[in-house]
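Chemist: Take a look and give me a structure for this.
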Amino acid sequence: MNGGNMGPEQRARARRYLMSWGTGQGPAGGGTPTIVLDDPAHLEPVLASGLATASTMIFVPEDAGHEDDPGVVTYDGSLHEPGGEASLGDDFYLQIQDYATSEFMSLLGPTLVRITEEADFTRFLEDADRARLQGVIPDFATAPPVKFADVPGLGGGGGTDGPRLRLYVDADGELSTSPAGRRIGAVGDDMADLEAEWSRVNDASEHPCAVCLGGVVDEATRARELADRPWIGRYLTVLDSLRALAAKDITDVRVSGFGGRLLDGLVDVRLPADLAGADVPIVMWTHDAAYLQVPASLRTFRVNLATAGLAEALTVCGSVEAAAEHADRDGLVRVAEMFADAGVPLCAAEPAGAGR
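Modeler: You can find the predicted model right below:
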């Protein structure tokens, strides 16, 4: 199906699948939800291999003779070349940028920022370190249209990546989960073969996912650098949260745990519970308001600064008992109960990080 001939629902679905394919985040299925081909000549062998199910969308760069098949979508341009652009018809354009040059570009529409070489990965780590220590985050990284590609390879993603989520078939017919990825098979291989190789590569790594950046970043280096930054998943979650606020024109936001705390005494808490878990609610604030955001849903609560401080103590210390060393106990109980009633627990399941 030509990208320009889809109905509104089909176009929206194609965009969701394409962004899930790019980021490596989304629900895996029985087959592969999204397959991207570099060469339409590989479409028939891929279909014959049984990788696609009734819900799969296969993106091909030219008319491959399946214009009436809603599962085959034609795109123009490139989905992997830095500085390039891919389009689905005339109303959806996806820019592709490499990480190192993204700060110099005007990213106005949907954009995938890719790690394309070791230098990109090094720059990503440098920016993450600066954010953690100084609270300085690159503007491009929090722009609402931007998504990072291959998030599982950067230390995030929740473990959902793999050939049951996404596949990329390059011009030579080799398969990976990403254009930057390590080879896990070739055209004609079935899902069992691809899963076996994907699992073998990840089982040998100390920090999965070892596949999606394995073609451009040395795995020993990647695993070591991410292991040295146990908070890196939290950083990626914070970027999502800041993008969500920026989409509502809320900017100049500070984030708890990145460059400081709202309550100064919390800076000295060892092994803070919030940085250890990407799913712990995020406390953010401006000069006159504060926000608590739930990472999984981006559900956002606007609160006053006093309430935010109490919520921060709970998320950092992991329990009312530990947080009471830094804030009023009655206030902590009240705030914990208020958010629990809203379905948002602020404390870890077990107290953590309360020591000094």
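Chemist: which stretches of the protein form helices?
Modeler: Taking DSSP state H, the helices of the chain run over residues 8-23, 43-48, 99-102, 118-134, 191-203, 219-227, 232-246, 273-276, 305-317, 320-323, 329-341.
Chemist: Find the one among these with the highest mean neighbour count.
Modeler: Neighbour counts (mean count of other Cβ atoms under 10 Å) averaged over each of these peak at helix 305-317, with a mean of 25. Where C-beta positions appear, they are placed from N, C-alpha and C, glycine not excepted.
Chemist: Contacts for stretch 320-332 next, please.
Modeler: 263, 265-266, 269, 306, 309-310, 313-314, 316-317, 333, 336, 347, 351, 353-354 (Cβ atoms under 8 Å, 6 or more residues apart in numbering).
Chemist: Format the helices of the chain as JSON lines; extra columns: mean pLDDT.
Modeler: What follows is those, written out as JSON lines (pLDDT from 0 to 100):
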{"stretch": "helix 8-23", "mean pLDDT": "91"}
{"stretch": "helix 43-48", "mean pLDDT": "94"}
{"stretch": "helix 99-102", "mean pLDDT": "95"}
{"stretch": "helix 118-134", "mean pLDDT": "98"}
{"stretch": "helix 191-203", "mean pLDDT": "96"}
{"stretch": "helix 219-227", "mean pLDDT": "96"}
{"stretch": "helix 232-246", "mean pLDDT": "95"}
{"stretch": "helix 273-276", "mean pLDDT": "90"}
{"stretch": "helix 305-317", "mean pLDDT": "97"}
{"stretch": "helix 320-323", "mean pLDDT": "96"}
{"stretch": "helix 329-341", "mean pLDDT": "97"}
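Chemist: correct me, but residue 262 touches residue 310?
Modeler: No: look at residue 262 against residue 310 with Cβ atoms under 8 Å: they stay out of range, at 9.7 Å.
Chemist: tell me the domain ranges of the protein?
Modeler: The chain breaks down by automatic domain parsing into domains covering 3-227, 250-341.
Chemist: From residue 17, how far out is residue 26?
Modeler: Separation of residue 26 from residue 17 (Cβ to Cβ, to the nearest Å): 8 Å.
Chemist: center of the protein, which residue is that?
Modeler: Ranked by distance to the mean C-alpha position of the chain (Cα atoms, centre = their mean), the top residue is residue 151 at 4.3 Å.
Chemist: For residue 67, see how far away it is.
Modeler: 33 Å.
Chemist: and what of residue 250?
Modeler: 44 Å.
Chemist: who's more crowded, those two?
Modeler: Between residue 250 and residue 67, counted using other Cβ atoms under 10 Å, the more crowded position is residue 250 (16 against 11).
Chemist: Name all residues that make contact with that one.
Modeler: Residue 250 touches 286, 291, counting by Cβ under 8 Å, 6+ apart.
Chemist: what about stretch 100-118, how long is it end to end?
Modeler: 10 Å (Cα to Cα, to the nearest Å).
Chemist: Counting neighbours, what do you get for residue 343?
Modeler: 9.
Chemist: what about it, distance to residue 163?
Modeler: Distance, residue 343 to residue 163, by Cβ to Cβ: 34 Å.
Chemist: again, but for residue 100
Modeler: 29 Å.
Chemist: same check, this time on residue 205
Modeler: Taking Cβ to Cβ, one finds residue 205 at 16 Å from residue 163.
Chemist: more crowded one of the two?
Modeler: residue 163 (27 against 15).
Chemist: Excluding chain neighbours, what is closest to residue 135?
Modeler: Among residues not flanking residue 135 along the chain, residue 259 sits closest, at 2.0 Å (Cβ to Cβ, 6 or more residues apart in numbering).
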